[in-house]
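Student: everything below, folded, please.
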Amino acid sequence: MPDDLNLNDDQFCFVCGKNNPDGLRIAFQYPAPSTCRAAFTPPRKFQGWQGILHGGIVSTLLDEALAHAAGGPERGGGGSGAVTAELTVRFRKPVPIGAAVVLEGRVVADKGRVVECESSLTDTSGTVLASATGKLVRPKG
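Tutor: Numbering: from 1, shown residues only. The predicted model follows:
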């Protein structure tokens, strides 16, 4: 990552941006330090196979939860200048279109510039539908 990378939040993020009319507009909450949580009901326009959320959107949601966990309430929410360097996704069950799901993320290890996180997407009964691990990097400040 370039050391002079300047990351600005103009609220147009595809996942959480309030100014993006085509985005998901997910509102994260921060129940504890280094964690995040959001509820989401996937609309049909993000379908892959009939009735199932597209895997790319599932991956995008899990990636965003990593960034928001790394930001957490103690860093002002969001990725706070962290970008994903590595993402591993595990698809366990199909994510149904039109059914509420819960997205959660948490920091596993914060090593300064490198932050290791994990995230999950569950149904409302707590069954894990997909999960991810990843490493985020903060540019030198």
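Student: okay, and for the protein, where does confidence drop off?
Tutor: By pLDDT under 70, the low-scoring segments of the chain are 1-5, 73-81, 141.
Student: and the strands in it?
Tutor: Under the criterion DSSP state E, the chain contains strands at 35-40, 83-91, 101-110, 114-123, 128-137.
Student: skipping adjacent residues, who's closest to D110 in space?
Tutor: S34 (7.1 Å; Cβ to Cβ, 6 or more residues apart in numbering). Where you see a C-beta, it was placed from the backbone N, CA and C, and this is true even at glycine.
Student: I meant S120, not that one.
Tutor: Spatial nearest neighbour of S120, chain neighbours left out: S131 (4.5 Å); criterion: Cβ to Cβ, 6+ apart.
Student: now swap in K135 and tell me
Tutor: Excluding its sequence neighbours, the residue lying closest to K135 (Cβ to Cβ, 6+ apart) is E86, at 4.3 Å.
Student: from memory that neighbour sits against G134, does it?
Tutor: Yes. At 5.5 Å, E86 counts as touching G134 under the criterion of Cβ atoms under 8 Å.
Student: the more surrounded of those two?
Tutor: G134 (24 against 12; other Cβ atoms under 10 Å).
Student: partners of that one in the sheet?
Tutor: L87, C117 (DSSP bridges).
Student: can you pull the contacts of it?
Tutor: D63, L66, T84, A85, E86, L87, T88, E116, C117, E118, S119 (Cβ atoms under 8 Å, 6 or more residues apart in numbering).
Student: are any of these buried, and if so which?
Tutor: Among these, those classed as buried by 16 or more other Cβ atoms under 10 Å are D63, L66, T84, L87, E116, C117, E118, S119.
Student: which residue sits closest to V15, ignoring its sequence neighbours?
Tutor: That would be E64: by Cβ to Cβ, 6+ apart, it lies 4.1 Å from V15.
Student: same question for V108.
Tutor: That would be E116: by Cβ to Cβ, 6+ apart, it lies 4.5 Å from V108.
Student: quick check: the gap between the one you found and G55.
Tutor: Between E116 and G55 the computed distance is 23 Å (Cβ to Cβ, to the nearest Å).
Student: repeat that for S34.
Tutor: Distance from S34 to G55, by Cβ to Cβ: 27 Å.
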